[in-house]
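Enquirer: Prediction below, plus the sequence it came from.
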Amino acid sequence: GEQVEQLPSILRVQEGSSASINCSYEDSASNYFPWYKQEPGENPKLIIDIRSNMERKQIQELIVLLDKKAKRFSLHITDTQPGDSAMYFCAASGSSGSWQLIFGSGTQLTVMP
Amino acid sequence: EAAVTQSPRNKVAVTGGKVTLSCNQTNNHNNMYWYRQDTGHGLRLIHYSYGAGSTEKGDIPDGYKASRPSQENFSLILELATPSQTSVYFCASGDGATSGNTLYFGEGSRLIVV
């Protein structure tokens, strides 16, 4: 089945700098790529997503890039704040449709003051 | 906001025992999912459902059964629990719309099998 690779698994950045998380997928039929943020002890929550008809999407400090040819997508958090510290998961839709999501293994982001 | 509630939130089970994790959603979503979360593996799909009466195998279904008796409820059943099933389990619901499929997760159920 579809595999989603996510790197790095651990990321530490200084407050105010940018953080980047990269994901790759295998199935060229994947057409939906959401990102979820999970705070300690809580459930994952959607923060931004992108569909295959777009290459770039931005919501405030969050930027998602999609390279369909390379089957890669990435999350960039600009001007990081301590509140951005969390676990981040990328996901890609499975071959059966956008309702089946395959998640990456997660990135633990720590923003240091 | 979407509401997905899981029970129990914490459970200690003995090896070989039966465990049932329950999930209820009040969003009228067609799709429901069970994931387990383990360090280094992220969220892995166990079973999912397209609606009442349907259950589908995810990526790691072995050792688990699922039941969707109604639109609102989706259960995960471990008939013979093993220590390798110690994990945090998340239920989620989604509407499966072509415009996007935001998943709404429950708060998680922490299971320890001793």
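Expert: Here it is on my side, so go on.

Enquirer: Which positions in chain B make contact with chain A?
Expert: For chain B, the contact set with chain A under C-beta under 8 Å from any C-beta of the partner chain comprises B:31, B:35, B:40-45, B:48, B:50, B:58-59, B:90, B:94, B:96, B:98, B:100-103, B:105-108. C-beta here means a position set from N, CA and C on the backbone, and glycine is covered the same way.

Enquirer: just the buried members of the residues you listed?
Expert: Among the residues of chain B next to chain A, those classed as buried by 16 or more other C-beta atoms under 10 Å in any protein chain shown are B:31, B:35, B:42-45, B:48, B:58-59, B:90, B:94, B:96, B:100-103, B:105-106, B:108.

Enquirer: the strands in chain B, which residues?
Expert: In chain B, the segments counted as strands under DSSP state E are B:4-7, B:10-13, B:19-25, B:31-38, B:42-49, B:56-57, B:65-67, B:75-78, B:87-94, B:104-105, B:109-113.

Enquirer: would CSV of the ones you listed with mean pLDDT be doable?
Expert: Listed next are the strands of chain B as CSV, based on pLDDT from 0 to 100:
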stretch, mean pLDDT
strand B:4-7, 97
strand B:10-13, 98
strand B:19-25, 98
strand B:31-38, 95
strand B:42-49, 93
strand B:56-57, 92
strand B:65-67, 98
strand B:75-78, 98
strand B:87-94, 96
strand B:104-105, 94
strand B:109-113, 98
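
Enquirer: now those as CSV including distance to residue A:28?
Expert: CSV is the format used below for these (distance: least, C-beta to C-beta, whole Å):
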stretch, distance to residue A:28
strand B:4-7, 32
strand B:10-13, 40
strand B:19-25, 32
strand B:31-38, 23
strand B:42-49, 20
strand B:56-57, 22
strand B:65-67, 29
strand B:75-78, 31
strand B:87-94, 23
strand B:104-105, 28
strand B:109-113, 35
